[in-house]
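Participant: need a structure here:
(one chain, ligands or ions: 1)
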Amino acid sequence: MYEEGLETLKREGLLRSISDRDSPQGRVVRVRGGEFINFSSNDYLGLCNHDSVRKAAVRALEEYGTGSGASRLLSGGSTLHRRLERLVSRLKATEASILFGSGYAANTGVIPAIAGGDTTIFSDELNHASLIDGCRLSRAGTVIYRHGDMDHLDGLLRRECRGRPLIVTDSVFSMDGDIAPLTDLRRLALSYSALLYIDDAHGTGVLGRGRGALAHFGISPEPFMIQMGTLSKAAGSYGAFVAADGGVIKWLTNTARTLVYSTALPAHLVAASLEAVEIILNDTSLVERLWDNRDRLVSGLHSIGVDTGRSETPIVPVLLEETGSAVRLSEFLLDRGIYAPAIRKPTVRIPRLRLTVTAAHTEEDIGLLVRSLKEARDCGLF
Ligand SMILES: Cc1ncc(COP(=O)(O)O)c(C=O)c1O
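Facilitator: Numbering: from 1, shown residues only. As a prediction, the model looks like this:
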């Protein structure tokens with residue numbers, strides 16, 4: 001039934017397949033029958049397989065069992081869920097927060113809950129797919145503004161708003177690693193009385209000494225701001241949260257369909273997140289190591305003339321001219337013990353390797369990556 005579509009994907013070099021891991025997530029992974037230094041995960045702080053995080057999950061597994069068995073509004077929640085929400089509110093400096101099953105579920109549940117037919121959404125053109133789908137699921141009209149272009153957004157807010165405005169943005173753009181101009185977004189939100197929804201999936205645990213993008217800019221949360229963050233990236237666990245004013249959280253608890261009609265996170269994942277967020281709040285050494293590694297990687301790449309685009313974070317793209325060279329470069333690195341899969345359409349317009357560096361990488365790992373890319377460049381691979 002789908003043969004023709006699959007054939008087309010194959011012909012265009014866009015057919016994707018899944019490579020399963022045979023090891024924990026981490027600095028080194030066993031995949032495709034070999035062991036590789038991993039530059040492809042969002043495990044920024046190396047917490048996916050961290051001793052105390054794993055132990056916290058095991059303890060909760062013994063105490064609470066495997067599944068949560070129901071939606072949060074029935075019997076799915078536990079005291080751990082509540083504790084994590086309090087801790088997240090501390091991390092994000094908000095009055096309240098609520099957990100969701102995943103970042104995808106949060107975005108596709110929250111946006112329709114806060115944007116009805118009387119809302120106009122203003123969405124950055126490079127927002128994550130889950131934000132785009134959240135906008136599509138809502139009954140609001142959506143206006144797309146050019147990536148990070150505040151003049152464009154200003155003009156659109158002035159001309160295109162048909163009701164209550166809602167501005168939606170990633171804090172760190174997941175494929176380019178640049179940071180949204182939140183100071184300007186706050187100013188525009190204030191001057192047009194807009195809500196500002198910030199997806200801090202890649203900022204939480206990374207920016208602002210781990211507290212996220214608002215802290216990075218020195219902005220205190222205000223009632224018109226809603227922060228979403230994931231527990232699956234720097235926190236090394238699974239799930240997501242939304243942090244905002246108490247009234248907003250109460251509204252979401254009653255109206256976000258992906259919360260109301262979906263089974264709660266299992267308690268052991270919540271326990272892992274609790275431990276991870278405690279680490280992020282109390283020990284900044286991992287975040288410091290992450291940024292040292294990020295700086296080491298980027299200066300290494302620049303020293304060999306690699307263009308890292310707009311990257312300002314541990315997400316570092318190597319932009320390439322065509323899909324074929326992205327795939328060939330990824331295979332070349334695999335031969336040298338490095339795992340960095342190619343990213344192509346429809347995820348991105350410009351094919352690339354999306355390198356992510358973590359606190360767990362060593363100087364040698366980064367040196368190997370830079371040397372291998374230099375070799376690939378000298379061979380004319382990109
Ligand atoms: C910016 C952004 N938002 C949301 C998500 C979705 O989060 P999750 O993987 O927890 O569903 C991702 C993850 O890939 C992301 O990069």
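Participant: going forward, measure contacts between C-alpha atoms and count neighbours the same way
Facilitator: Fine.
Participant: can you pull the pLDDT of residue 256?
Facilitator: Listed pLDDT for residue 256 reads 98.
Participant: excluding its backbone neighbours, what's nearest it?
Facilitator: residue 109 (4.8 Å; Cα to Cα, 6 or more residues apart in numbering).
Participant: relative to the ligand, how far out is that neighbour?
Facilitator: 12 Å (Cα to the nearest ligand atom, to the nearest Å).
Participant: list of residues touching the helix or strand harbouring that residue?
Facilitator: Here residue 109, judged by DSSP states H and E, is contained in helix 103-114. With contacts defined as Cα atoms under 8 Å, 6 or more residues apart in numbering, helix 103-114 is touched by 100, 130-131, 133-135, 137-140, 201, 228-230, 239-242, 252, 255-259.
Participant: just the buried residues from the residues you listed, in PyMOL please.
Facilitator: Provided next is the PyMOL selection string for whichever of those are buried by 16 or more other Cα atoms under 10 Å:
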select buried, resi 100+130+131+133+134+135+138+139+140+201+228+229+230+239+240+241+242+252+255+256+257+258+259
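Participant: could you pull out the strands for this protein?
Facilitator: Ranges of strands within the chain are 28-31, 34-38, 96-100, 119-124, 141-145, 164-170, 195-199, 225-230, 240-244, 315-319, 338-339, 342-343, 352-356, based on DSSP state E.
Participant: is it possible to export the ones you listed to a markdown table including distance to residue 4 and mean pLDDT?
Facilitator: Output for the strands of the chain, formatted as a markdown table (distance: least, Cα to Cα, whole Å; pLDDT from 0 to 100):
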| stretch | distance to residue 4 | mean pLDDT |
| --- | --- | --- |
| strand 28-31 | 30 | 96 |
| strand 34-38 | 33 | 97 |
| strand 96-100 | 37 | 98 |
| strand 119-124 | 33 | 98 |
| strand 141-145 | 32 | 97 |
| strand 164-170 | 35 | 97 |
| strand 195-199 | 36 | 98 |
| strand 225-230 | 37 | 98 |
| strand 240-244 | 37 | 98 |
| strand 315-319 | 30 | 96 |
| strand 338-339 | 31 | 98 |
| strand 342-343 | 23 | 91 |
| strand 352-356 | 26 | 96 |
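Participant: out of those strands, which is closest to residue 380?
Facilitator: Among the strands of the chain, the nearest to residue 380 by Cα to Cα is strand 315-319 (14.6 Å).
Participant: do that closest one and the ligand meet?
Facilitator: No - contact of strand 315-319 with the ligand (Cα under 6 Å from any ligand atom) is absent, the minimum separation being 10.6 Å.
Participant: neighbouring strands for that strand, and are they parallel or not?
Facilitator: strand 352-356 (antiparallel) (DSSP bridges).
Participant: how close does the closest residue to residue 276 other than its chain neighbours sit to residue 149?
Facilitator: Residue nearest to residue 276 in three dimensions, not counting chain neighbours: residue 235, with 5.3 Å by Cα to Cα, 6+ apart. The gap separating residue 235 from residue 149 is 30 Å, by Cα to Cα, to the nearest Å.
Participant: out of the two, which sits in the busier spot?
Facilitator: Using other Cα atoms under 10 Å as the criterion, residue 235 and residue 149 rank with residue 235 on top: 30 against 14.
Participant: so who does the more buried one touch?
Facilitator: 43, 45, 47-48, 205, 273, 276-277, 280.
Participant: now do the phi/psi pair for it.
Facilitator: Phi and psi for residue 235, reported as degrees, to the nearest 10, are phi -80, psi -10.
Participant: how many neighbours does the residue in the stretch 101-250 of the chain that the ligand sits nearest to have?
Facilitator: Per Cα to the nearest ligand atom, residue 103 is where the stretch 101-250 of the chain lies closest to the ligand, at 3.3 Å. By other Cα under 10 Å, 25 other residues sit near residue 103.
Participant: per-residue confidence for it?
Facilitator: The predicted local confidence for residue 103 is 98.
Participant: got it, and the one 5 residues further on?
Facilitator: pLDDT recorded at residue 108 is 98.
Participant: would you mark the buried spots in the helix holding residue 109?
Facilitator: Using 16+ other Cα under 10 Å as the test for burial, helix 103-114 gives 103-114.
Participant: sorry, back to before: what's the closest of the strands of the chain to residue 217?
Facilitator: Short answer: strand 195-199, nearest of those by Cα to Cα, at 13.2 Å.
Participant: in the chain, what helix or strand scores lowest on average pLDDT?
Facilitator: None of the helices or strands of the chain scores lower by mean pLDDT, DSSP states H and E than strand 342-343, at a mean of 91.
Participant: mind giving me the packing neighbours of that one?
Facilitator: helix 323-335, strand 352-356 (3 or more Cα pairs under 8 Å, 6 or more residues apart in numbering; DSSP states H and E).
Participant: wait, does that strand contact the ligand?
Facilitator: No - Strand 342-343 lies apart from the ligand when judged by Cα under 6 Å from any ligand atom; the minimum separation is 13.0 Å.
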